[in-house]
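In: this one's sequence-less:
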């Protein structure tokens, strides 16, 4: 079945430094949709960005990601972290079992310090 | 902005008791989902539905039932609550299977 693997656990960084969260996926479906969701403390997950186009950069709120089907990756990046970026980030896949919706990774918690 | 509401927002239940979690959406979405969130396990799909009066099993359906009486409403039922079902439960809706899912605020369930 489909699966998503993310950078594990907690990522801590200093404000102003770049952020990169890894996401790789497995699916037999040739046209997967990939998503990044963000969940701030005591809130619900909300969409950060999504893509289904190979090798096209997608940007939103200072974050960007590029779907690379050749390497089955959809890494999330930001050039300069802000304190408000502290949150839980989920990578999600709509793959062969697309009727069932999304397959989520385990999530990566990001803590940004001054 | 899509609107998904859940009730109750938090609940304490006793082991062996029945628990019903409710979800209501005003997005006119056909697809609705129930997830549970646990530290270390991320978001796991329990049940989903793509049309009223029909529900489907997700990845972890054991111990849970679902009901979709109308397009707007989707309930999750724990007939015999157990300690292992302590978690945060999220409802979500989407217009299509590969479209953005909009999440409700969540229900924090504690089973004692």
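Out: Happy to help now that I have it. All of these numbers come straight from a predicted model, not from anything done at the bench.

In: for chain A, name the helix or strand with the lowest mean pLDDT.
Out: strand A:103-104 (a mean of 92; mean pLDDT, DSSP states H and E).

In: what helices or strands is it leaning on?
Out: strand A:3-6, strand A:87-94, strand B:42-51 (3 or more CB pairs under 8 Å, 6 or more residues apart in numbering or on different chains; DSSP states H and E). The way it works is simple: take the backbone N, C-alpha and C, and place the C-beta from them, glycine included.

In: which strands border the helix or strand containing residue A:112, and is each parallel or antiparallel?
Out: Using DSSP states H and E, residue A:112 sits in strand A:108-113. Applying DSSP bridges to the sheet, strand A:108-113 is found paired with strand A:10-14 (parallel), strand A:87-94 (antiparallel).

In: please report how far the closest residue to residue A:79 other than its chain neighbours lies from chain B.
Out: Residue nearest to residue A:79 in three dimensions, not counting chain neighbours: residue A:18, with 5.4 Å by CB to CB, 6 or more residues apart in numbering or on different chains. As for residue A:18, its distance to chain B is 24 Å (criterion: CB to the nearest CB, to the nearest Å).

In: okay, residue A:18: pLDDT?
Out: Per-residue confidence (pLDDT) for residue A:18: 97.

In: pretty sure residue A:82 is one of the things it touches, is it not?
Out: No. Counting by CB atoms under 8 Å, residue A:18 does not reach residue A:82; the two are 11.8 Å apart.

In: got the contact list for the residue nearest the centre of chain B?
Out: Centroid-nearest residue in chain B, with CA atoms, centre = their mean: residue B:34, separated by 3.0 Å. Applying CB atoms under 8 Å, 6 or more residues apart in numbering or on different chains to residue B:34 gives the contacts B:21, B:23, B:45-48, B:58, B:64, B:66, B:74, B:76, B:89-91.

In: kindly report the same for residue B:7.
Out: Neighbour list for residue B:7: B:21, B:22, B:24, B:107 [criterion: CB under 8 Å, 6+ apart].

In: might one say that residue B:109 is in contact with residue B:14?
Out: No. Counting by CB under 8 Å, residue B:109 stays clear of residue B:14, with 11.8 Å between them.

In: so which bits of chain B are right by chain A?
Out: B:31, B:33, B:40-45, B:48, B:50, B:56, B:58, B:90, B:94, B:97-98, B:100-106 (CB under 8 Å from any CB of the partner chain).

In: give me the buried subset of these.
Out: Using 16 or more other CB atoms under 10 Å in any protein chain shown as the burial test, the residues of chain B next to chain A include B:31, B:33, B:42-45, B:48, B:50, B:56, B:58, B:90, B:94, B:97-98, B:100-104, B:106 as buried.

In: helices - which of those land there?
Out: Assigned to helices by DSSP state H, none of those qualify.
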